[in-house]
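Undergrad: Build me a model:
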Amino acid sequence: MDIARYRKNAITAYVVYVILFCAILIFKIEPFLTYGSTFGLIGNLLAFPMYWLGLKIHQGDRRWPWVWFAATGVLYFMGDLLWAYNEDFLGAAPESPSICDLFYLLNSYTCCCAFICYIRQIKNIDSASTFFDVFVSVIAAGGLMYRFILRPLIDDASIGLFPMFFHANMSVIDLTLFSGILVVIFGTASGCFYTKRTLLLGLSFFACCFVEQLSLAMEVYELPIGSFFDPFWAAPFWLFALTATYPDEDETDEEEVMVLHRRWGKSIKWLQRILPYFLTGLILVCVGFGEALENVVFAFVLFLMAARLVKYAIICMRRRSACTS
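TA: Got it, this is the predicted structure:
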């Protein structure tokens, strides 16, 4: 089988699906608009042939991450299938707690299992050099998620115990996956073992965290933008499936690894350095300097970044004095 050609056909099929879905939403094409949730199931289904191919490509213990990823896709599809049945055929979206929530919870746990299996198979991650950037980024992102997602839910007396557990569960898992993928991507830049699969998996997890937090934000703030994202809710699981079609790292040509490292290494290094500053700036913009200082988590982030800036300033002064002498 020509896997590269199969991969291109799969990408083309998904792009066509997104274009058609957007056309249905923009031009309000019936009856597809009325049954939009059912039409959206196509995005999930397009991933399954790639999951099947991935399970055939990877053998032995190397197959386990992709078994868990495939289980993640199946569980998410089951949740969406039941949601579409209730919304499109019974006339009302299911109220929480529902059987859909159970499948969504299970798929988040299987996603964590997949990530753990994948991490255990990587041997060359340089986590020490990335510790500060990952630590500050995760603390800042976690503080923002709590401030703007979880705290409004806690303050809302109408939110029941199960919905609160569901939202908190999703946020904690997203934060865990976010920290793990930062270690993989930033550690990869130092370890120089770039492969297309590693980079694509990083994109997949970022998409997964973004989609889930966007879904929570739309529920918390009642944002009327859900229909605009209908074609993209299944994108993270489709990306996981696409990642499964790439070979293992030790089966990748060394020259290809070096080419990818030369192409993306500097960009990832800059992203590693800029991300903590970006999230710190986001804190200041969103909550203000005064409120940030009153919040223990935000104040800790500001202290760490200030200490880093002082350290860099001292290093620059020493270098300048050494040059002049």
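
Undergrad: Where does pLDDT dip in the stretch 1-150 of the chain?
TA: By pLDDT under 70, the low-scoring segments of the stretch 1-150 of the chain are 1, 123-129.

Undergrad: What segments of it are helices?
TA: With DSSP state H, counting those that start in this stretch, the ranges of helices along the stretch 1-150 of the chain come out as 3-27, 36-45, 48-57, 64-84, 99-120, 131-145.

Undergrad: and Leu304, which of these is closest to it?
TA: Taking Cβ to Cβ as the criterion, helix 131-145 is the member of the helices of the stretch 1-150 of the chain that comes nearest to Leu304, at 5.4 Å. All C-beta atoms are positioned from the backbone trio N, CA, C, and that covers glycine.

Undergrad: The closest one packs against which elements?
TA: Applying 3 or more Cβ pairs under 8 Å, 6 or more residues apart in numbering; DSSP states H and E, one finds that helix 131-145 contacts helix 161-191, helix 254-287, helix 296-324.

Undergrad: Could you identify which of these is most buried?
TA: The highest mean neighbour count among the helices and strands packed on helix 131-145, using mean count of other Cβ atoms under 10 Å, belongs to helix 161-191: a mean of 19.

Undergrad: mind listing what's buried in the following helix or strand past it?
TA: Note on helix 161-191: by DSSP states H and E, the next helix or strand toward the C-terminus is helix 196-221. For helix 196-221, burial by neighbour count (16 or more other Cβ atoms under 10 Å) applies to 196-209, 211-217, 219-220.

Undergrad: Run the chain-centre distance for stretch 154-166.
TA: In terms of Cα atoms, centre = their mean, to the nearest Å, the centre of stretch 154-166 is set 24 Å apart from its chain centre.

Undergrad: quick one: contacts of that stretch?
TA: Contacts with stretch 154-166, where a contact means Cβ atoms under 8 Å, 6 or more residues apart in numbering, come from Ser96, Pro97, Asp101, Tyr104, Leu105, Leu153.

Undergrad: Is it possible to mark the buried ones in those?
TA: Buried among the contacts of stretch 154-166 by 16+ other Cβ under 10 Å: Asp101, Tyr104, Leu105, Leu153.

Undergrad: related to what we said a few turns ago, so which of the helices and strands packed on helix 131-145 is nearest Ala4?
TA: The minimum distance between Ala4 and those falls on helix 254-287, with 12.6 Å, by Cβ to Cβ.
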